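Asker: Sharing a model that was predicted from the sequence below.
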Amino acid sequence: MSIDCQELLRLFGIPYIVAPMEAEAQCAFLNATDLTHGTITDDSDIWLFGGRTVYKNFFAQNKHVMEFRAEQIEQTFNCNRGKLIQLACLVGSDYTTGIHGIGAVTALEILASFSGQDANGPGICNQSVLQTLIKFRDWWQAHKCSNLPPGSSARLALRKKLKNIELHEGFPSGAVVEAYLAPTIDDNRDAFSWGTPDVESIREFTRKSFGWTTSKTDDILMPVMKKINEKKIQGSIRNYFTAKSALRVQQPHVSKRVQLAIDKMSGKIDETPEKPKKVTRTRRAKAAPPTDDDLAIADVATKAARPKRGKRKAAPESVVLDGELPSTSQSIPKPEKCPRIPSSVEVIPQREKDLEQMRLNKAKAAEILKNSAKANRK
């Protein structure tokens, strides 16, 4: 199917690119280098690969086309590409399952509590993205089973929310971050060149592929050729659609938790350290001085309660097993060591699947070229 689409695009003179790996990664590169106006997709991974402008609902007839821009998202939510990758590592994406029990709001609170300027700087690198996640991992492993002060009131609330989560071994994954920051793409920066439709080849293609007659193909193709000859200037995507900015048309209404996390990440609010609990002492009520009657009653009660003298019973001897010594204090369990991030090359299932699909597409393309060469010889 994809080979037929490529052939049809070539016959109409429409340029196209075969992405070596992820299509969203290739589209993000084309957008970042101003070779395209934006990307038409509903896949949110486009932002993790560095997309700048995204159009959604493009093929939904009952919805408006929505335009999203990376700079508007960063200004509104204080989340640049680095922090979006951190969010994906916490809640999950195509390349990672995330952490079970952590949603988008809690993930924002984690970033607000542990991120500084590491993922917000002008140059985003693998280490700057991992630094915040490593801080969170180390803090969680140190405080999940201890009574140590968490550090601030926000982290105290986080510890209560995250009491049932489990961090899998290898979190955070450097391979996942590297896959988003340095994807495999075709980095050719040459501008696209548009051609004119090859009418005869299109007629032959429709006859073989669809069984259409020449007259049926011309009924559809000739009006298109007439418009092409009338207008020689290539239009922008805005000539065909009136895109509405999602952040301007609908001002985002976020919860108090989300707004608080955004304000912390932007530096408007500083985290308040946890206040030590005040120890309140209970005052004892002063006892009234005893009367003569009370002293007499107490003296009689003391005499009645005195035990009779007799032989003392021997205290039971403690039983000591072979090889054991009686313990006088409870043993304190040693804290678990933090798991180290494996240094070996990690395998991402989605990328392996893409590589296999790429090999199949190359084989199909080679077979089509071989068959077309044989047909031309005949």
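Answerer: Looks like it came in fine.

Asker: Please count neighbours and contacts with C-alpha atoms only from this point.
Answerer: Noted.

Asker: what about residue 9, distance to residue 16?
Answerer: If you measure residue 9 against residue 16 using Cα to Cα, to the nearest Å, the figure is 7 Å.

Asker: can you list contacts of stretch 350-367?
Answerer: Stretch 350-367 is touched from outside by 3, 20-22, 94-95, with contacts defined as Cα atoms under 8 Å, 6 or more residues apart in numbering.

Asker: What subset of those residues is buried?
Answerer: Among those, those classed as buried by 16 or more other Cα atoms under 10 Å are 20-22, 95.

Asker: ok, these vs residue 215, which is closest?
Answerer: Closest to residue 215 out of the buried ones among the contacts of stretch 350-367 is residue 20 (38.7 Å), distances taken as Cα to Cα.

Asker: on that earlier part again, quick one: the contacts of stretch 350-367 as a markdown table, columns for distance to residue 350 too.
Answerer: Compiled in a markdown table, the contacts of stretch 350-367 are given as follows (distance: Cα to Cα, whole Å):
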| residue | distance to residue 350 |
| --- | --- |
| 3 | 22 |
| 20 | 14 |
| 21 | 10 |
| 22 | 10 |
| 94 | 7 |
| 95 | 6 |
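
Asker: Sitting in strands, which of those do you find?
Answerer: Secondary structure assignment by DSSP state E places none of the contacts of stretch 350-367 in strands.

Asker: Which one of those is nearest to residue 258?
Answerer: When the contacts of stretch 350-367 are compared for distance to residue 258, the smallest value, 24.2 Å, is given by residue 94; criterion: Cα to Cα.

Asker: Tell me the spacing between the closest one and residue 18.
Answerer: When distance is defined by Cα to Cα, residue 94 is 20 Å away from residue 18.

Asker: now do residue 86
Answerer: Taking Cα to Cα, one finds residue 86 at 29 Å from residue 18.

Asker: One more: residue 147?
Answerer: Summarising the geometry, the distance separating residue 147 from residue 18, computed by Cα to Cα, is 55 Å.

Asker: Tell me which of these two has more neighbours.
Answerer: Set side by side, residue 147 and residue 18 give different neighbour counts by other Cα atoms under 10 Å, the larger being at residue 18 (13 against 8).

Asker: for residue 66, phi and psi?
Answerer: Recorded main-chain torsions at residue 66 are phi -100, psi 130, according to degrees, to the nearest 10.

Asker: Lowest mean pLDDT among the helices and strands, pick that one out for the protein.
Answerer: One helix or strand of the chain scores below all others by mean pLDDT, DSSP states H and E: helix 292-305, with a mean of 53.

Asker: which of the residues in the one helix or strand residue 8 maps to are buried?
Answerer: Here residue 8 sits within helix 2-12, counting by DSSP states H and E. Taking 16+ other Cα under 10 Å as the neighbour-count basis, helix 2-12 is seen to contain the buried residues 6, 8, 10-12.

Asker: possible to save the residues you listed as TSV with distance to residue 201 and pLDDT?
Answerer: Formatted as TSV, the entries for the buried residues of helix 2-12 read as follows, by distance: Cα to Cα, whole Å; pLDDT from 0 to 100:
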residue	distance to residue 201	pLDDT
6	14	93
8	9	94
10	10	95
11	7	96
12	9	95
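
Asker: what's the most distant pair in those?
Answerer: In terms of Cα to Cα, the buried residues of helix 2-12 reach their longest pairwise distance at 6 and 12, which sit 10.0 Å apart.

Asker: now, the most widely separated pair of the buried ones among the contacts of stretch 350-367?
Answerer: Within the buried ones among the contacts of stretch 350-367, two members stand farthest from each other by Cα to Cα: 20 and 95, at 16.9 Å.

Asker: what's near enough to touch residue 58?
Answerer: For residue 58, the set of contacting residues under the criterion of Cα under 8 Å, 6+ apart consists of 40, 64-66.

Asker: Check whether it sits in a helix, strand or coil.
Answerer: Secondary structure, DSSP: H, G, I helix; E, B strand; the rest coil: residue 58 is coil.

Asker: Okay then, goodbye and thanks.
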